[in-house]
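J.: when you get a sec, could you give me coordinates for this:
(2 chains)
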Amino acid sequence: MPTKPETPTTGTTTGTDDVVRISDLDVHFALQGSALARLLGRRGRTVKAIDGVNLGLRRGEVLGLVGESGSGKTTLGRAVLGLVPSTAGSITYHGRDRGEVVVSELAGRELRRLRTDMQMVFQDPGAALNPGMTIEEAVGHPLVIHRGLKGEELRGRVAAALEKVGLAPVERYLSKYPADLSGGQKQRAVIARAIILEPEVVIADEPVSMLDMSVRAKILQLMLDLKDELQLTYVYITHDLASAKYVCDRIAIMYLGRIVEIGPTQEIFDNPRHPYTQALLKAIPEPDPDRMVPRDLPRGEIPDAAEPPLGCSFHPRCPQAVAECGWESRDLRALLEEHWTRNPEATYGAERDMVGDLDKLDKPELSAHVGTKDAAGTLALLNRIKAEKPDEPFWRGVETLEEDGNGVAITFTEPTDPALRRAGGVDVACVLYPDPAD
Amino acid sequence: MKPEDVVITTEDLRVWYGTAGDPVRAVDGVSFELRAGEILGLVGESGCGKSTLGRGLLGLMPDGAERDGRLLFRDKDMLTLKRREQIALRGRELGLIFQEPLTRLNPLMRISEHFSETLKAHERGITKDQIEHRSLEALRLMGIPPTRYKAFPHEFSGGMRQRLMIALTLVLRPSFVVADEPTTALDVLVEAQIIRMLHDLRDTYETSLLLITHNLGIIAEACDRVAVMYAGRIVEIGDAKTVFRDPQHPYTRELLRSTISLRTTGLNYIEGAPPDLSDPPPGCRFHPRCPDAMEVCAVRVPEPRQQPNGSRTECWAADQANGLVTLTEDERIPLAKEVIAVADEA
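T.: Below you'll find the predicted structure:
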């Protein structure tokens, strides 16, 4: 059962000089269910890749979208370009000379025209360039498609673009194939292709993560130089907070299709508010000899977006979670499994039988039942687990825990799904920060 | 250090690939020792021979590659050992953790079957109970609950799969494991979890680990010692804390400077790219990219020398600065730099 989201109260994420404005955007993907389910007309599950995102991209800024894989950052970037269809909500582009267009309603020719204003730099330069095209053809291709250029004029524009990205002397590269170039050089060619139409917005999806350490800084510097020279606006998509800290003006931290914290870079790093942001910052491996491997990292991984946790999606991993964060039956299974990884095999054997079927805990429910016949024993087991780790946030969400026939019945606190609210200089989606609107 | 504590010894180890033209000297004269329970980080740019060295230590080279020099596993000479005996050592004594777990697990086999196949192949006559006991213990150490023992690989998340791979290697209790970029495909939080687990390994198993990575942050957090590799040679090796605090080789220093970390206040990078290993530059191989290069660097190969801070470095500039060598005035003249174009970048 899904929790009803709180209504967002902040309008601060969108301003007047936005070049792109995203309002209540949903991007859902339908999963193909089983053959039988389709035959019976039952709808398969949907993955909410983007779930109600509001965002304004200000003219001339570098906005970072940061999160783990599966957080929806790439989908959001692609949606802005109209590369993935949006399910609900809108994306509006306010062009310098074209006026306002609603990207999410464009198709065909109109959508193609948008490419002259918004371009993308992909993660893997090896895959983004056609291996059968020379660098001259690849970089000039957008001009052939959108402007119909050819001959000397085309060649001149390609040469100028290559020069801008540092692939000089140009003659050395024009006739090369992607396979002849190093990773950094290929990424330069991809960037040249992105800027050759003189776009306003460039969406860079992990532009340096496939490159060698020694050349990453160089490519980032090139992108920053081009931004000043061509007055670009960037969306910088990355999982690397360290590089985002260096290049971005504002950062949006994403988790499971939502923005959980957004604000000026400085504020996010000086004063991370969302427990997820705090965890990300702590986990970055630093080349600092005096730092030790952190011990208190969030457990587990990003959950399945087809069946997100109740309440706040981050609560199962959150060390600071409170009662209303969305504790539910699946968290009980995780708790039991974690207990068994800490205890010897013999304990597991005995306790496993007492607990019984674990699969029935796999549905998101606010009440759960465990145990097969020994009610008192099961209750004692749960209390033992609680005594092992009394600080475990799970117990904060347990409302009642009592014997019930042949086992133990547990009910959880009614969850709150936190919307973004103002806290200090940022917006954060976490119940730990009281909503000023309430 | 007792001599029996040394698990791996290499002296002037070479791994060359035969090609139609000149041989590619991917590993070209590497010497180091690895002690029991020690984690040695191996770092460098792509194309410096890190993976070739890791696989060369285990004897897992492609056809056309040859090893030369000296390589001891405990007291066994691995380069003269019969092929059959070498194969017998793999798994039980020498382990390898791969980069991409999904391609290494059989999608049609349960986790329990992966474990029993591994254990049966390497330990004849192991009983079913022992298999289950050993597997569950390895899983538990990697933080995977026993309830998942019968699950299939696709039922696990990316981080769990990598932990499964590590558990599958460790269940045989090898004394030496090569981990080749074990966390590169993973997210930061999961990466940190796995680095922590690798770091804690020696408390349970007496495993020595060679951790290959291009991420200097991981080395700093997980390793006791670090070896920096450039163009087939170890140019600096020493205690991880010392190397990071007081790098002696300009390549180490520049690598550290070009790493983008939370403390980065300016973007730095190393000009140029690692050389073609079939035709490396004369003298010190780093001299065409080195900001500290002198005339001597372009002609004479620097000897490996122990620096006062304990690190071993192959660098004329470090030797000179620490008074280990006396160079003539001519040799000390800063090397006139050719302009390195983007044409040569990595």
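J.: rest of the way, CA atoms for contacts and neighbours
T.: Noted.
J.: kindly format the C-alpha coordinates of the one helix or strand in chain B whose mean pLDDT sits lowest as CSV.
T.: Least confident helix or strand, chain B: helix B:188-204 with a mean of 84, by mean pLDDT, DSSP states H and E. C-alpha atoms of helix B:188-204 as CSV (Å, rounded to 0.1, in the frame of the first residue of the first chain):
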residue,chain,number,x,y,z
VAL,B,188,30.0,5.0,-3.4
LEU,B,189,28.1,3.6,-0.4
VAL,B,190,28.4,0.0,-1.5
GLU,B,191,32.0,0.5,-2.5
ALA,B,192,32.7,1.8,1.0
GLN,B,193,31.0,-1.2,2.5
ILE,B,194,33.1,-3.6,0.5
ILE,B,195,36.4,-1.7,1.2
ARG,B,196,35.6,-2.0,4.9
MET,B,197,35.0,-5.8,4.5
LEU,B,198,38.3,-6.3,2.6
HIS,B,199,40.0,-4.2,5.3
ASP,B,200,38.7,-6.5,8.0
LEU,B,201,39.5,-9.7,6.2
ARG,B,202,42.8,-10.3,7.8
ASP,B,203,41.1,-10.5,11.2
THR,B,204,39.4,-13.7,10.1
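J.: what residues does the stretch 251-400 of chain A have near chain B?
T.: Residues of the stretch 251-400 of chain A lying near chain B by Cα under 8 Å from any Cα of the partner chain: A:279-280, A:283-295, A:297-301, A:337-338, A:340-342, A:345, A:348.
J.: quick revisit: neighbouring contacts of the least confident helix or strand of chain B?
T.: Outside helix B:188-204, the residues that touch it by Cα atoms under 8 Å, 6 or more residues apart in numbering or on different chains are A:68, A:239-240, A:279-280, A:283-285, A:293-295, A:297-301, B:37-39, B:142, B:159, B:163, B:183-184, B:207-208, B:218, B:221-223.
J.: out of those residues, which are inside strands?
T.: B:39, B:208 (DSSP state E).
J.: now which of the contacts of helix B:188-204 would you call buried?
T.: A:68, A:239-240, A:279-280, A:283-285, A:293, A:297-298, A:300-301, B:37-39, B:142, B:159, B:163, B:183, B:207-208, B:218, B:221-223 (16 or more other Cα atoms under 10 Å in any protein chain shown).
J.: state the number of residues packed around residue A:437.
T.: Neighbours of residue A:437 under the rule other Cα atoms under 10 Å in any protein chain shown: 9.
J.: nearest the middle, which residue of chain A would you pick?
T.: For chain A, residue A:71 is the residue whose C-alpha lies nearest the centre (Cα atoms, centre = their mean; 2.8 Å).
J.: in the stretch 201-346 of chain B, which residue sits nearest chain A?
T.: Taking Cα to the nearest Cα, chain A has its nearest neighbour within the stretch 201-346 of chain B at residue B:217, 4.0 Å off.
J.: next step: the contacts of helix B:188-204 restricted to helices.
T.: If you go by DSSP state H, the contacts of helix B:188-204 have A:279, A:280, A:283, B:159, B:163, B:218, B:221, B:222 in helices.
J.: so what pLDDT did the fifth one get?
T.: So that's residue B:163. On the pLDDT scale, residue B:163 is placed at 90.
J.: residues contacting the closest residue to it other than its chain neighbours?
T.: Closest residue to residue B:163 apart from its sequence neighbours, by Cα to Cα, 6 or more residues apart in numbering or on different chains: residue B:142 at 5.9 Å. Counting by Cα under 8 Å, 6+ apart, residue B:142 touches B:163, B:164, B:166, B:167, B:197.
J.: helix/strand/coil for residue A:57?
T.: With DSSP: H, G, I helix; E, B strand; the rest coil as the basis, residue A:57 sits in strand.
J.: the spatially closest residue to residue B:311 that is not a sequence neighbour: which element?
T.: Excluding the flanking residues, the one nearest residue B:311 by Cα to Cα, 6+ apart is residue B:238, at 4.3 Å. Using DSSP states H and E, residue B:238 sits within strand B:233-239.
J.: can you tell me the strand partners of that strand and which way each runs?
T.: strand B:225-230 (antiparallel), strand B:312-313 (antiparallel) (DSSP bridges).
J.: check which residues of stretch B:87-102 are buried.
T.: Of the residues in stretch B:87-102, those buried by neighbour count under the rule 16+ other Cα under 10 Å are B:90-102.
J.: in strands, which of the residues you listed fall?
T.: Reading strands off the buried residues of stretch B:87-102 with DSSP E, I get B:94, B:95, B:96, B:97.
J.: closest one of the residues you listed to chain A?
T.: residue B:97 (20.3 Å).
J.: any idea how far residue B:63 is from the closest one?
T.: Distance of residue B:97 to residue B:63, computed by Cα to Cα, to the nearest Å: 21 Å.
J.: residue A:250 contacts residue A:269, correct?
T.: No - if you go by Cα atoms under 8 Å, residue A:250 and residue A:269 don't touch, sitting 10.7 Å apart.
J.: between these two, who's got more neighbours?
T.: Shown here are residue A:250 and residue A:269; by other Cα under 10 Å, residue A:250 has more neighbours (23 against 18).
J.: so what's the residue count around the spatially closest residue to the more buried one that is not a sequence neighbour?
T.: Leaving aside its sequence neighbours, residue A:250 sits nearest to residue A:264 (Cα to Cα, 6+ apart; 4.3 Å). By other Cα under 10 Å, the residues close to residue A:264 number 18.
J.: quick one, what contacts residue A:264?
T.: A:249, A:250, A:251, A:425, A:426.
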